[in-house]
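>>> Kindly generate the corresponding structure for this input.
(2 chains)
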2 protein chains.
Amino acid sequence: MSILALAGGVGGAKLAEGLAAVLPPGGLTVAVNVGDDFEHLGVRISPDIDTVTYTLSGLNNQEQGWGLAGETWNLMTSLERLGGETWFRLGDKDMATHIERTRRLKAGETLSEITLDFARRLGIQQPIVPVSDDPVRTMVTTDQGILAFQDYFVRLRCAPRIEKLEFIGAADATPSPAFAAALEAPDLQAIIVCPSNPFLSIQPILSIAGVREALDRRRVPMIAVSPIIGGEAVKGPAAKIMNELGMVVSSAGVASFYGALLDGLMIDTVDARLKDEIAGPAIRVTDTMMRNADDRRRLARAALAFAERLRGTR
Amino acid sequence: MSILALAGGVGGAKLAEGLAAVLPPGGLTVAVNVGDDFEHLGVRISPDIDTVTYTLSGLNNQEQGWGLAGETWNLMTSLERLGGETWFRLGDKDMATHIERTRRLKAGETLSEITLDFARRLGIQQPIVPVSDDPVRTMVTTDQGILAFQDYFVRLRCAPRIEKLEFIGAADATPSPAFAAALEAPDLQAIIVCPSNPFLSIQPILSIAGVREALDRRRVPMIAVSPIIGGEAVKGPAAKIMNELGMVVSSAGVASFYGALLDGLMIDTVDARLKDEIAGPAIRVTDTMMRNADDRRRLARAALAFAERLRGTR
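Numbering: from 1, shown residues only, chains lettered A, B, ... in the order given. Next up, the predicted model:
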């Protein structure tokens, strides 16, 4: 029996950590967005994969949500002194991940192989799987022009107004072998969409050739945890983007974005009144805010129970 | 009036620092070996250029001789955890130099341009000049096979017995524009060979096409400071290599290695008895050990005075 989780960065990693804690080793595959990946300072950076890996290994900075605990910034400070580009802050410890990944990619290994090996070396018992080994790059059309994702997200701090999102390469990309296998696994029990940004983290996954089709023919429930609580994103620009794209900034907007794809949606208790307004998926109201490890495990159990209740509805 | 210093790593950087301290800005060009340069972990490393740059900027680790003061090693520790290659220890601060150099080389700048700009940004008033912008790579034939220099020097800690040294690319390399200009400068007053390893640091410079010819037709004195004191190298494998190559391990061996190239050789007071044994260059006996900044300035002044005394002998 296995669970497939779809995740982006910080919010996704939190629920993935909860799921990893309550499921037996091998009972969970975490499929992670690669649309935010980019090349910078000569290295390949996979921000969402790293956030999930650092979180599941317990090496993450718990306060900040991303990055490594006890990180230092001496490389960046020295780079600044030499006039280098420092708008994307790479910590000294974090840089090792990018350097080693880049070396192994150049040596011919796939991103999947490298990601799995890093996770194993860091003591993670659940496979972390890039959704594709092919390049998929989120491009943002804004009122300030067409921007590469990290230019929009980090350099310009999400300030430009989004008009359109595109996932360059997605139509020609294939799911990674492990993601494809997880989607078709005979023992698959449920698919859980973590509370990541639907547009920036989950949409690129859904845009990869064959993924939406595989999800359409699935025989197990697919549920999502809404990342919008009380009209605001817990973290990041999801609410701002929904607003700019003319959507209702609430879990109702999230439900309408996912449409027929979802069998169930978990929304926060503060949004309980939305339960009767949302058409389509079954709704489960619960405390979705993950402040600590207990919250993450509790929400993971609630998501698994919700999915279990929806079994047989497909 | 200008002085041209030829330098390798630690010993060379010390005298270069002394020369830079006692000469007016612009009165010194430090031409630095590139035979130790290599590509590792995806970046271009120029150990001798960096040692000279860090030393002249005062950012160097004074105790250790190489590397940066207050260096941290978090990248290496994290790389080790991921199973990466850690035999060549790159500090977090130091790594910024390699990353930025690599980025700029890929963008089409020459090593000379980058090195000069780094020195300027770090407040160094004297040009630091790679001897060539073309690849020159020291290869070491040993009893354990043919080794790239850093494999021999760092990974195997100079343990293999050297049979032959080759400087791959040197015959096809041209001196960098600033090194060529310094060699032919109308106001050149003297050429000072710093107490670097003659075989590993100076020989690759002399092997670059046209360098030996330019030195042969010079009209100014060329002197060297011997790196061998009392039959031992102050630092590094010079004595071991001299022994393996069947040379006398003393300043006499150094003199015979440089041969007719030198007008003068400075030897240490502990080797004063060699003064009458060394045929060829004029000999100046002085305290050549550089323990601190005062020593470096004193030796620099002594070298300049010695060269001045030899003016007109060519």
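>>> What strands line up against the worst-scoring helix or strand of chain A on mean pLDDT, and which way round?
Using mean pLDDT, DSSP states H and E, the weakest-scoring helix or strand in chain A turns out to be strand A:232-233, at a mean of 88. Using DSSP bridges, the strands paired with strand A:232-233 in its sheet are strand A:228-229 (antiparallel).
>>> The strand it pairs with: how far from the chain's middle?
16 Å (C-alpha atoms, centre = their mean, to the nearest Å).
>>> For that strand, what does the pLDDT average out to?
Strand A:228-229 shows a mean pLDDT of 94.
>>> again, but for stretch A:304-314
pLDDT averaged over stretch A:304-314 gives 90.
>>> Next secondary structure after the least confident helix or strand of chain A?
Following strand A:232-233 in sequence order, the next helix or strand is helix A:238-244 (DSSP states H and E).
>>> residues making contact with that following helix?
A:158, A:161-163, A:197-200, A:227-228, A:231-233, A:248-249, A:253 (C-beta atoms under 8 Å, 6 or more residues apart in numbering or on different chains). To be clear about C-beta, it is placed using only N, CA and C from the backbone, and glycine gets the same treatment.
>>> For those residues, pick the one with the most neighbours.
A:Pro227 (29 neighbours; other C-beta atoms under 10 Å in any protein chain shown).
>>> So that residue versus chain B, what's the distance?
30 Å (C-beta to the nearest C-beta, to the nearest Å).
>>> Chain B contacts on the stretch 101-250 of chain A?
A:Thr102, A:Arg103, A:Lys106, A:Asp117, A:Phe118, A:Arg121, A:Leu122 (C-beta under 8 Å from any C-beta of the partner chain).
>>> what is the mean pLDDT for the helix or strand in which A:Ala181 is found?
According to DSSP H and E, A:Ala181 maps onto helix A:177-183. Helix A:177-183 shows a mean pLDDT of 98.
>>> Could you do stretch A:42-54 as well?
97.
>>> And that stretch, how far out from the chain middle?
The answer for stretch A:42-54 is 11 Å, by C-alpha atoms, centre = their mean.
>>> Likewise for stretch A:128-148?
On the basis of C-alpha atoms, centre = their mean, stretch A:128-148 sits 13 Å off its chain's mean C-alpha point.
>>> Using CSV, write down the CA coordinates of that stretch.
C-alpha atoms of stretch A:128-148 as CSV (Å, rounded to 0.1, in the frame of the first residue of the first chain):
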residue,chain,number,x,y,z
ILE,A,128,12.0,11.8,-3.1
VAL,A,129,11.4,11.9,-6.8
PRO,A,130,11.7,14.8,-9.2
VAL,A,131,8.6,14.8,-11.3
SER,A,132,10.8,14.8,-14.4
ASP,A,133,14.4,14.4,-15.4
ASP,A,134,13.8,16.6,-18.4
PRO,A,135,14.1,20.4,-18.1
VAL,A,136,10.8,22.2,-17.1
ARG,A,137,11.2,25.9,-16.5
THR,A,138,8.5,28.1,-15.1
MET,A,139,8.4,31.4,-17.0
VAL,A,140,6.3,34.3,-15.8
THR,A,141,4.7,36.9,-18.1
THR,A,142,4.3,40.0,-16.0
ASP,A,143,3.7,43.8,-16.4
GLN,A,144,7.5,44.0,-16.3
GLY,A,145,8.0,41.5,-19.1
ILE,A,146,8.6,37.8,-19.4
LEU,A,147,10.7,36.7,-16.5
ALA,A,148,12.5,33.5,-15.5
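>>> for A:Ala180, what are its contacts?
A:Ala180 sits next to A:Thr174, A:Gly210, A:Ala214 when contact means C-beta under 8 Å, 6+ apart.
>>> Could you look up the SS state of A:Leu274?
helix (DSSP: H, G, I helix; E, B strand; the rest coil).
>>> Verify the contact between it and A:Asp268 for me.
No: counting by C-beta atoms under 8 Å, A:Leu274 sits too far from A:Asp268 to count as a contact (9.3 Å).
>>> list residues touching both of those two?
A:Ser251.
>>> re the thing from before, out of the contacts of A:Ala180, which are buried?
Neighbour-count burial (16 or more other C-beta atoms under 10 Å in any protein chain shown) applied to the contacts of A:Ala180 gives A:Ala214.
>>> Dump the contacts of A:Ala180 to JSON lines, plus pLDDT.
Shown next, in JSON lines, are the contacts of A:Ala180 (pLDDT from 0 to 100):
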{"residue": "A:Thr174", "pLDDT": "97"}
{"residue": "A:Gly210", "pLDDT": "95"}
{"residue": "A:Ala214", "pLDDT": "96"}
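>>> and which of the contacts of A:Ala180 is nearest to chain B?
Chain B lies nearest to A:Thr174 out of those, by C-beta to the nearest C-beta, at 26.6 Å.
>>> Now the phi/psi pair for that closest one, please.
phi -110, psi 150 (degrees, to the nearest 10).
>>> A:Arg296 too?
According to degrees, to the nearest 10, A:Arg296 has phi -70, psi -40.
>>> The stretch 51-200 of chain A: helices as residue ranges?
For the stretch 51-200 of chain A, the helices defined by DSSP state H, counting those that start in this stretch occupy A:74-81, A:92-106, A:111-121, A:149-150, A:177-183.
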